[in-house]
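In: Mind folding the following:
(one chain, ligands or ions: 1)
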Amino acid sequence: MFERLAVAPPDPVFGLLEDFRADKRTHKVNLTVGVYQDEAGQTPVMQCVAEAERKLAEQRASKAYLPIDGAASYNRFLARLLLGEQHSAVAAGRTVTLHTPGGTGALRIASDLIVRAQGKRRILMSDPTWANHPQIFTAAGLEPLPWRYLNAAGTNVDVESLLETMEQTRPGDAILLHTICHNPTGCDWNREQWRTVLGEVQRRELIPIFDFAYQGFGRSIDADAEIVREFCAGANEALICSSFSKNLGLYAERVGSLTVVSRPGAALPPIVSQCKSIVRTMYSTPPAHGGRIVELVLTEPALRESWLAELATMRERIDQMRTRLVAELAERVGRDEFSFVAGQRGMFSYSGLSADQARQLRDDHAVYIVDSGRINVAGLNEKNIDQVANAIAAVAPARV
Ligand code: PMP
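Out: Sure thing, here's the model as predicted:
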């Protein structure tokens, strides 16, 4: 049987990470997978997490299964973190939150839920988007409908292209929206553009899935959530997928959440029970450790304060490295070539480099970026920035 099995394509991001690990060159630089690195190139355990783990070790909580949808307390705190302390949708009992294994788990449950509710429908998603998005939604049976995210020059967002593509949708189709720090481009809509898009989402009765993988990486935990909070305060349905991989550095613990916001008056038991039935057949119950860390950090004032300070430090370091990269490239290839990168936000920058140029960076300069031209800015530091800027200048001497 297995002799007939074809080799599946490697994951575009994790596949490259394997190549990076196998590379023997000592000066190699990894700017691929979206993992934060500090100035020393390390991905440390955050202090608030280490402290929470110390407390958890003392508590020795039972290893008995969590409920299928996770601990009720975790889910309550999550709804507040995402939607704010006193959101009208939460107060009105219009929300259901589940503890999920990371943002990926939440996205997959969201897709299955849509298929159960609507049948196999289309899902609008930006092109480019995180490489795993189309795979997750396709696996669930939804059909991706891409729209061109950036303008022809690749320097800024193009909302018109989305509005045109929306013409092809029917009520009940879904739309995937990166709430903040668009992956891979780092280009976000401004408030006016968001309102235009969400107005159309409402008018066309599309179901928005807000992928909120980078809460706190844009401006702050609350500022990054404003647009979602505003949308959910209206009488709208929405799904929110969140993750603590980045903002608490809990990548390996697999901890995130799915929040379903229903219309006023809609019954919650069908939503809750369908979500649980999806989870039960997929992984049964969520892993406990990451969720317990999150709960402690969110509820103990000293830990929460330490978290927000550490998060601000990460955000500021990334912003500084992005500014540095733009300045270094301006010196080498001219002021205008990469100036658009300065307006991007979050862990990633979209360089505009082609797949060919990305390959040259890898082969000739030991600098690893993904083929879409996405650079993990959090992988830059004082030691490697010259090498990276020289390498980019070598493969992109003129307009890219
Ligand atoms: N959405 C986006 C846009 C992401 O970049 C990521 C992580 N790279 C995820 C979701 C999923 O994150 P995780 O499953 O690690 O929580």
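In: The ligand contacts on the stretch 201-350 of the chain?
Out: Within the stretch 201-350 of the chain, the positions adjacent to the ligand are 211, 213, 243, 245, 251, 256 by Cβ under 6 Å from any ligand atom. C-betas here are computed from N, CA, C, even on glycine.
In: Hmm, Leu83 is touching Cys232, no?
Out: Yes: using Cβ atoms under 8 Å, Leu83 is in contact with Cys232, at 6.2 Å.
In: Residues that sit against both of those two, list them.
Out: 89, 95 (Cβ atoms under 8 Å, 6 or more residues apart in numbering).
In: related to what we said a few turns ago, ok, so of the residues of the stretch 201-350 of the chain next to the ligand, who is nearest Gln42?
Out: Tyr251 (13.3 Å; Cβ to Cβ).
In: For the stretch 51-200 of the chain, which segments are assigned as strands?
Out: Using DSSP state E, counting those that start in this stretch, the strands found in the stretch 51-200 of the chain span residues 95-100, 122-127, 143-148, 174-178.
In: try the stretch 201-350 of the chain
Out: Secondary structure of the stretch 201-350 of the chain by DSSP E, counting those that start in this stretch: the strands cover 207-212, 238-243, 256-261, 348-350.
In: out of those strands, nearest to His87?
Out: For His87, the closest of these is strand 256-261, at 9.4 Å, according to Cβ to Cβ.
In: Buried residues of the closest one, list them for me.
Out: Of the residues in strand 256-261, 256-261 count as buried by neighbour count, 16 or more other Cβ atoms under 10 Å.
In: Pull the most distant pair out of these.
Out: Largest separation among the buried residues of strand 256-261 by Cβ to Cβ: Gly256 and Val261, giving 16.5 Å.
In: Contacts only, for Ile207.
Out: Ile207 is in contact with 114, 118, 172-175, 237-239, counting by Cβ under 8 Å, 6+ apart.
In: mind running it again at 6 Å?
Out: Listed by Cβ atoms under 6 Å, 6 or more residues apart in numbering, the contact set of Ile207 reads 174, 237.
In: Likewise for Lys120?
Out: Residues near Lys120 by Cβ under 6 Å, 6+ apart: Gly141.
In: for it, phi and psi?
Out: phi -80, psi 100 (degrees, to the nearest 10).
In: Could you do Ala267 as well?
Out: According to degrees, to the nearest 10, Ala267 has phi -80, psi 140.
In: Which of the strands of the stretch 51-200 of the chain sits closest to the ligand?
Out: Nearest of the strands of the stretch 51-200 of the chain to the ligand, taken as Cβ to the nearest ligand atom: strand 174-178 at 5.9 Å.
In: Which residues does that closest one contact?
Out: By Cβ under 6 Å, 6+ apart, the list of residues contacting strand 174-178 from outside reads 114, 123-125, 206-211.
In: Could you tell me the model confidence score at the nearest residue to Gln47 once chain neighbours are set aside?
Out: Nearest residue to Gln47 in three dimensions, chain neighbours excluded: Ser306, at 5.9 Å (Cβ to Cβ, 6 or more residues apart in numbering). Predicted confidence (pLDDT) for Ser306: 98.
In: next one: Pro9
Out: pLDDT recorded at Pro9 is 85.
In: Which secondary structure element is home to it?
Out: If you go by DSSP states H and E, Pro9 is not part of any helix or strand.
In: Number the residues from 52 up from this point.
Out: In the new count, where the first residue is 52, that last one comes out as Pro60.
In: Distance-wise, check it relative to Arg167.
Out: 28 Å (Cβ to Cβ, to the nearest Å).
In: So these two - more neighbours on which side?
Out: Between Pro60 and Arg167, counted using other Cβ atoms under 10 Å, Arg167 has the larger neighbour count: 14 against 8.
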